[in-house]
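[1] Sequence unavailable; structure follows:
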């Protein structure tokens, strides 16, 4: 219990419960199955990206370029399939491969040039996005192949949307990697202390390549879901939302400096953003308030967890001093 | 002489790249690049990003970042516009009394300083990391901008504001003068005051600075106040140049300012960075953008080029340092 109370995920969960209860009391539609399924569906792309962003943060890095990676993967995939034909499987294959390649480029640059990840990925964001815009000349593809539409319309029995299943699949797969493999533990180790991880014998290059490649993979994979949801390929529809995704992950309790964070927290971070957007509308508050509320929640959240960390650090220091006196 | 080259290697390298970019663009556009018209239009375009870059750089010097600068620039513009529209019933076109302008501008700067104060308190006193504190305030500020304007564009301002964005003194554009003025003042603050000295120390080693008897918290508070002021000045320039304000103007500038600051030699982990470097970097980005524009290339190609140049410069730096 004590351990639970010290975790930021616990407070996030309480906040979600309170908000959910409040929204439901004001408008019972909020808790309806249909509304929840709709939210799961419309946030599936965002959710998939947030999983990748979490893994990068865990390793002590940061990736700003993933929106551009998703953008490139989406546009190129749709354009290639329109030209040469293909099916859903080739779409996933092609767009994930593009994502992996662009992600690996990030990883290689960060490792070999020793540029801070935030700078590298801001540079590659501009590079990828600029190149895409030049090649596409900004043309919007309005008609995407029918199988994208089918993907967004596919429901499991009970009306559970297929794209949300993909999101959950990504979460489970990532959980297995993070918690059941040496690779996963090494990601946490790298984020906790780079030098220690290196001394213990982890190959930092491989971990970095995996982390940024994985982010690229999820950006590519997710971009197919995005195409299915929006039924078009617009060359600037994703870029610009990179900080929103990071905000969700940070709200979910991930440490921006690496080493700490959880998939459950990230899921709740996304859920909180989704709830705020949807719930405020349902209780009749104008959507102009959205960002104001999200900003306040974000500020309160990061301040709270920082003060909590300072308090815990202070208490630990006190214990050490007392033990020293004995 | 050798000593001079060694201590100013980064800056000299930057000047070299700048000259190369200038000559290449001149070579590509032999008749159109070095004309009074083109140079003037470049001088009108670069101050917005330039002043924002200075605001970003100040935050990066302590090892932080300020993601809210573009939001603050918009917030300043919108506040000024709303105050003017509220006091002048038929819109704020034409000439407004100077006292009225001062009241409006004071309101705009005040709101922005308030946010800067909040950031300083969060980062300096509550120990929130700069990236998170400014991410939160960025969302909040953008949200407030959308809320108070309902996402609409406010336009037509008094001549005195347009003068800041579009006016010239002789052949020299006013925004360029503002940019150079900001750069000069910032340079003096950073190099000649105890605050500036403390800021560089803080960026290099936080613990050591603390034990050296410097009040880290006060420095951080001042950093974000200073960054807010610079963002507000950029907001004034944008307002005058576009003759309108809107909640989502200049969103793409944000990451560009980080890119420009780093290109200018500011370290992302803090402690290093010169105003002159940032100014040169901004000028270089503008040379590339304008030169490519004259060639009729897609403007997004310039963005791709900026990203590539940053990577190349960082790579060169890395290899040169490894060899030294």
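    The structure has been received and is ready for your questions. Worth saying up front: this structure is predicted, and the values here are computed from it rather than measured.
[2] Which per-residue confidence value corresponds to the closest residue to residue B:246 other than its chain neighbours?
    Leaving aside its chain neighbours, residue B:246 sits nearest to residue B:153 (4.6 Å; criterion: Cβ to Cβ, 6 or more residues apart in numbering or on different chains). Where you see a C-beta, it was placed from the backbone N, CA and C, and this is true even at glycine. With respect to pLDDT, residue B:153 scores 90.
[3] Find the residue at the geometric middle of the chain.
    The chain I'm using is chain A. residue A:50 (0.7 Å; Cα atoms, centre = their mean).
[4] I was thinking of chain B, sorry if that wasn't clear
    Closest-to-mean residue, chain B, Cα atoms, centre = their mean: residue B:52 / 1.4 Å.
[5] what's the following helix or strand after the strand or helix carrying residue A:36?
    For residue A:36, the element it lies in under DSSP states H and E is helix A:33-42. On the C-terminal side of helix A:33-42, the nearest following helix or strand under DSSP H and E is helix A:44-58.
[6] residue ranges with poor pLDDT in the stretch 201-326 of chain A?
    For the stretch 201-326 of chain A, residues meeting the criterion pLDDT under 70 lie at A:319-326.
[7] Around chain B, which positions in it sit nearby?
    A:240, A:243, A:246-247, A:250, A:256-257, A:288-296, A:298-299, A:301-303, A:306-307, A:309-310 (Cβ under 8 Å from any Cβ of the partner chain).
[8] among those, which ones are buried?
    A:240, A:243, A:246-247, A:250, A:256, A:288-295, A:298-299, A:301-303, A:306 (16 or more other Cβ atoms under 10 Å in any protein chain shown).
[9] Just the residues you listed: which are in strands?
    Taking DSSP state E, every one of these sits outside strands.
[10] where do the strands sit along chain B?
    B:154-155, B:168-169, B:172-173, B:244-245.
[11] Figure out which of those strands is closest to residue A:98.
    strand B:244-245 (38.6 Å; Cβ to Cβ).
[12] How far off centre is the closest one?
    Offset of strand B:244-245 from its chain centre (Cα atoms, centre = their mean, to the nearest Å): 18 Å.
[13] Check what contacts that strand and list those residues.
    B:74, B:77, B:78, B:80, B:81, B:149, B:153, B:154, B:155, B:156, B:238, B:239 (Cβ atoms under 8 Å, 6 or more residues apart in numbering or on different chains).
[14] so what's residue 152 up against?
    Since you didn't name a chain, this refers to chain A. A:41, A:161, A:162, A:163, A:228, A:229, A:231.
[15] hmm, I had chain B in mind actually
    Residue B:152 sits next to residue B:246 when contact means Cβ under 8 Å, 6+ apart.
[16] re the thing from before, tell me, how many residues neighbour the residue nearest to residue B:246?
    When neighbours are counted by other Cβ atoms under 10 Å in any protein chain shown, residue B:153 registers 13.
[17] Same question for residue A:276.
    Neighbour number of residue A:276 under other Cβ under 10 Å is 18.
[18] Looks like it contacts residue A:290 (just checking).
    Yes - using Cβ atoms under 8 Å, residue A:276 makes contact with residue A:290 at a distance of 6.9 Å.
[19] if we can go back for a sec, against chain B, how distant is the residue nearest to the centre of chain A?
    15 Å (Cβ to the nearest Cβ, to the nearest Å).
[20] Show me what from the stretch 1-150 of chain B comes close to chain A.
    B:65, B:67, B:122, B:126-129, B:131-133, B:135-144, B:146-147, B:150.
[21] Chain neighbours aside, what residue packs nearest to residue A:302?
    In space, residue A:302 is closest to residue B:132, 4.3 Å off (Cβ to Cβ, 6+ apart).
[22] quick check: mean pLDDT across the helix holding residue A:36?
    Helix A:33-42 carries an average pLDDT of 90.
[23] So which elements touch that helix?
    Here helix A:33-42 touches strand A:160-161, helix A:162-180, helix A:263-282, going by 3 or more Cβ pairs under 8 Å, 6 or more residues apart in numbering or on different chains; DSSP states H and E.
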